[in-house]
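Asker: Need coordinates for the following:
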Amino acid sequence: MEATERRIEPGRVIGEAFTTYQTHASPLLGAALIVIGVTSAIDLLLGLTGSLFLVLAGIAVGLIGQFLYTGYVVKLVQDARDGRLDQSMDELFSGRRPLRGNR
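Answerer: I've put the predicted structure just below:
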């Protein structure tokens, strides 16, 4: 595989990122509110118990939520860059792509 000689222009990359996030603000913010809301509620409830084990479990739930949301954003941006946003929120969260005959 041959490396491309295309230069990375930081200004262009940052500009594309902001444009992508502005264009898809609704699904990004909606998913963030869902994930942060659910994980925060769980973390709060577990933290109120006073049990060190449950507090640590709440922290783990928060980390899992962050990883889940990061994967969602990566898949959404990948689809947006491909020029199609044809996956449902469920498919974006799970990281699955529908099989279309070719593997």
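Asker: so where is this structure shaky, pLDDT-wise?
Answerer: 1-5, 85-103 (pLDDT under 70).
Asker: let's see 90
Answerer: 1-10, 12-31, 36, 40, 43-44, 46-47, 49-51, 55, 67-103 (pLDDT under 90).
Asker: Helices of that one, residue ranges please.
Answerer: Secondary structure of the chain (DSSP state H): helices located at 10-23, 25-47, 52-82, 89-94.
Asker: What is the neighbour count of residue 63?
Answerer: 11 (other CB atoms under 10 Å). For the C-beta atoms, the positions are set from N, CA and C on the backbone; glycine is no exception.
Asker: what sits against it?
Answerer: With contact set as CB atoms under 8 Å, 6 or more residues apart in numbering, residue 63 has no partners.
Asker: Skipping adjacent residues, who's closest to residue 42 in space?
Answerer: residue 61 (4.9 Å; CB to CB, 6 or more residues apart in numbering).
Asker: do you know how far that neighbour is from residue 84?
Answerer: Residue 61 is 33 Å from residue 84, where distance means CB to CB, to the nearest Å.
Asker: Of the two, which one has the most company?
Answerer: Taking neighbours as other CB under 10 Å, residue 61 and residue 84 compare with residue 61 leading, 17 against 8.
Asker: buried set for stretch 44-56?
Answerer: residue 46 (16 or more other CB atoms under 10 Å).
Asker: mind exporting that stretch as CSV, just the C-alpha atoms?
Answerer: Output in CSV follows, covering the C-alpha atoms of stretch 44-56 (Å, rounded to 0.1, in the frame of the first residue of the first chain):
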residue,chain,number,x,y,z
LEU,A,44,-26.0,9.7,41.2
LEU,A,45,-28.2,6.9,42.5
LEU,A,46,-25.2,4.7,43.1
GLY,A,47,-23.2,7.5,44.7
LEU,A,48,-26.0,8.2,47.2
THR,A,49,-25.6,4.7,48.6
GLY,A,50,-22.3,5.6,50.2
SER,A,51,-20.9,2.2,49.2
LEU,A,52,-17.4,2.4,47.7
PHE,A,53,-18.1,-0.5,45.4
LEU,A,54,-21.3,1.1,44.1
VAL,A,55,-19.5,4.5,43.7
LEU,A,56,-16.9,2.8,41.6
